[in-house]
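>>> When you get a sec, could you give me coordinates for this:
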Amino acid sequence: MYDLVIIGGGPAGVAAGVYAARKKIKTLLIAKEFGGQSLISADIQNWIGVKKLTGLELAQNLEEHLRAQGGIEILDSDLVARVEKISGGFLVITENKKTFETKTVLIASGSHHKKLGVPGEEKLNGKGVVYCSTCDAPLFGGKTVAVVGAGNAGLEAVRDLFPYANKIYLLVRSDKIKGDPITFESVKANSKVVILYQAEIKEILGDNFVTGVKYLDKSDNREKELKLDGVFVEIGSSPNSDLVKDLVNLDERGQIIVAHKTQMSSLPGIWAAGDVSDVLYKQNNISAGDAVKATLNIYDYLNKK
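Modelled structure (predicted):
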């Protein structure tokens, strides 16, 4: 039986793995791949200690750092399907039907962005199609961009772009905004912003990088085009929490509710860190810090048993 199984290979999972190795906790880390959602990012400028790197470079750095520690087992190219409670701990079951018994579990499985599902989106993901305005807004200085989304995420993305973009189109599928009215007033008042209602994206254009979008203007049922340098898709995200949904308390979005001093879930023995948890800000540096916090608490928990 392991002392700890870490689920996830992003900044949270790897940070936990490094600290678990240093604390000599008998640990298994399971991840489909390293890097998390940042893997497809072309330009990361807010990972502390590094001026600039790509998502692939971040993933490689994370994996190399983890493997250099020694004393930790790694199962890559597999995903955890579910976690079950057993006597003395938990049973972790992967999609490839492998099973592992452990005393504790750290869920660092992240989240996945909701996507538009239109032609060009996957091909240009990380090449002008982005899902994190906080991360990537500074890369679009002097550019013309579109934000897709009528909720708070869309409005905040527009505001994130105020200091950088030259022109910002806000594309709204319906005839009204769903986000906070005060935030909307600040968006509407900015001269950089053009709001297009009843605009449904049909295709993202570009070969090697975004050059524009095709959209259906439902007010006159005509297909139109915009020339753009980037598209910010802000229609929400979903946490990868199904693997423990029957064990721990989730909030209305499906995020794992944690005690923020320790990152422990409602069920003793299970912790969560990163985007799968109910942390307010979804950032790599915060994910790593929360995972370290969780691992130190796991160490204390194991030594008190």
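
>>> List the residues that contact Val292.
15-16, 19 (C-beta atoms under 8 Å, 6 or more residues apart in numbering). In short, each C-beta sits where N, CA and C put it, glycine included.

>>> Now do it against Ala16, distance only.
Here Val292 is placed at a distance of 7 Å from Ala16 (C-beta to C-beta, to the nearest Å).

>>> Tell me the gap between the longest helix along the chain and the middle of its chain.
With DSSP state H setting the assignment, residue counts place helix 284-304 as the longest helix in the chain. Distance of helix 284-304 from its chain centroid, counting by C-alpha atoms, centre = their mean, to the nearest Å, is 19 Å.

>>> So for that helix, mean pLDDT?
Helix 284-304 shows a mean pLDDT of 98.

>>> For that helix, list every residue counted as buried.
284, 286-299, 301-302 (16 or more other C-beta atoms under 10 Å).

>>> residues making contact with stretch 165-175?
137, 140-150, 154-155, 158, 161-162, 187, 190, 192-201, 213, 215, 226, 228.

>>> In contact with Gly120: list those residues for me.
By C-beta under 8 Å, 6+ apart, the neighbours of Gly120 are 129, 203-206.

>>> Swap in 10 Å and give it another go.
Neighbouring residues of Gly120 by C-beta atoms under 10 Å, 6 or more residues apart in numbering: 127-129, 201-207, 210-214, 231.

>>> now Gln198
With contact taken as C-beta under 10 Å, 6+ apart, Gln198 is in contact with 171-176, 215-221.

>>> from the residues you listed, which is closest to Gly236?
Arg173 (13.0 Å; C-beta to C-beta).

>>> I'd like the secondary structure assignment at that closest one, please.
Following DSSP: H, G, I helix; E, B strand; the rest coil, we place Arg173 in the coil state.

>>> what's the neighbour count on it?
Look at Arg173: counted by other C-beta atoms under 10 Å, it has 16 neighbours.

>>> Same question for Lys305.
Neighbours of Lys305 under the rule other C-beta under 10 Å: 9.

>>> Repeat that for Val244.
25.

>>> again with Gly8
Gly8 - counted by other C-beta under 10 Å - has 31 other residues nearby.

>>> now it: how far from Val172?
With C-beta to C-beta as the criterion, Gly8 and Val172 are 34 Å apart.

>>> Ok, Val148 next?
In terms of C-beta to C-beta, Val148 sits 9 Å off from Val172.
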